[in-house]
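> What would the 3D arrangement of this be:
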Amino acid sequence: MSRILFLDTETGLIDPLPGSVLELAFVVYDPGITEEEPQTFHARLKWPVYQVSAKALEINRINLVDHDKWGVTPVQFCKDLHKWVCEHVINVEQPKITLGGHNTHFDMRQLMFILNYAVDLECFEARDLRKVFLHRMVDTYPIAHALHESGKLKIEEMGYNGSIDLPCLTKALDITLEGTEVHHTAMGDILATIQVYKKLVDLMRS
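All right, here's what the predicted structure looks like:
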């Protein structure tokens with residue numbers, strides 16, 4: 001079974017724009033290995049000008065003053081991510097990797113925007129990264145939707161309002177979030193999504 005690189009982003013706006021992608025996190029999931037401490041990568045992006053809404057900052061609990069102190073530029077982010085990917089993600093047997101998440105297409109758009117932005121600034125690491133991530137994606141949303149339609153996943157009493165969001169799934173699957181596993185933080189959402197993915201796979205097998 002191939003490994004999956006789960007990702008999540010926190011943004012100031014829905015559409016990817018310079019200054020709107022604020023936080024990205026990645027976790028390597030290997031279904032063949034049980035690890036207490038998975039390989040992780042987390043970064044905050046620093047911009048000359050931020051394009052955000054007050055509502056998004058409230059939801060994501062981001063203070064731009066503190067965020068700016070710890071943030072890195074998009075180019076530095078790509079350099080750091082490239083180093084981490086080469087050390088912990090890709091290898092001779094798996095030179096490319098599938099991305100995973102909840103509503104993965106949204107996060108993939110944000111990531112590709114950052115990579116393209118850095119490429120325009122002649123960041124060679126960003127150009128290499130675009131070749132590493134496969135266009136194929138794993139997404140817990142359509143998996144959950146299919147299981148709900150089949151009657152295997154009961155979510156009506158878990159805040160379901162027509163859209164199967166991550167908090168709804170963690171409640172339905174009895175997943176307890178502890179420590180950094182907090183909704184609307186990039187790392188917290190990834191760790192929750194991986195637990196959701198595992199339980200959805202178990203439901204399909206049952």
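
> which helices and strands sit right next to the host helix or strand of Leu200?
In this structure, Leu200 sits in helix 186-205 according to DSSP states H and E. Taking 3 or more Cβ pairs under 8 Å, 6 or more residues apart in numbering; DSSP states H and E as contact, the helices and strands that helix 186-205 lies on are strand 4-11, strand 21-29, strand 40-44, strand 97-101, helix 140-150, helix 166-172. For glycine as for every other residue, the C-beta is placed from the backbone atoms N, C-alpha and C.

> which residues make contact with the longest one from outside it?
Helix 140-150 has contacts (Cβ atoms under 8 Å, 6 or more residues apart in numbering) with 100-104, 153-155, 164, 169, 193, 196-197, 200, 203-204.

> For that helix, buried residues please.
By neighbour count, and taking 16 or more other Cβ atoms under 10 Å as the criterion, the buried residues in helix 140-150 are Thr140, Tyr141, Ile143, Ala144, Leu147, His148.

> and the gap between the second one and Leu81?
Between Tyr141 and Leu81 the computed distance is 24 Å (Cβ to Cβ, to the nearest Å).

> likewise the first one?
Separation of Thr140 from Leu81 (Cβ to Cβ) stands at 23 Å.

> before we move on, what about the fourth one?
As judged by Cβ to Cβ, Ala144 and Leu81 stand 28 Å apart.

> where does this protein dip in pLDDT?
Residues of the chain that meet the criterion pLDDT under 70 lie in 1, 34-36, 157-160, 178-183.

> Just say which of the helices and strands packed on helix 186-205 is most tucked in.
strand 4-11 (a mean of 25; mean count of other Cβ atoms under 10 Å).

> Any idea how many residues pack against Met108?
The criterion is other Cβ atoms under 10 Å. On that basis, Met108 has 18 neighbouring residues.

> That one touches Arg136, doesn't it?
No - with contact defined as Cβ atoms under 8 Å, Met108 does not reach Arg136; the gap is 10.6 Å.

> before we move on, back to that, what's the angle between the helix holding Leu200 and strand 40-44?
Here helix 186-205 runs at 140 degrees with respect to strand 40-44, directions being taken by axes from the mean of the first three to the mean of the last three Cα atoms, to 10 degrees.

> My guess is Leu129 contacts Lys83. True?
No - look at Leu129 against Lys83 with Cβ under 8 Å: they stay out of range, at 10.6 Å.

> who has more neighbours, the two?
Residue environment comparison for Leu129 versus Lys83 gives the larger neighbour count to Leu129, 22 against 12, counting by other Cβ under 10 Å.

> and the gap between the residue lying closest to Ala43 once chain neighbours are set aside and Met187?
With Cβ to Cβ, 6 or more residues apart in numbering as the criterion, Ala43 has its nearest non-adjacent residue at 5.0 Å, and that residue is Phe77. Computed as Cβ to Cβ, the Phe77 to Met187 distance reads 15 Å.

> Looking at the two, which is more packed in?
Counting neighbours by other Cβ under 10 Å for Phe77 and for Met187 shows that Phe77 has the greater number, 25 against 21.
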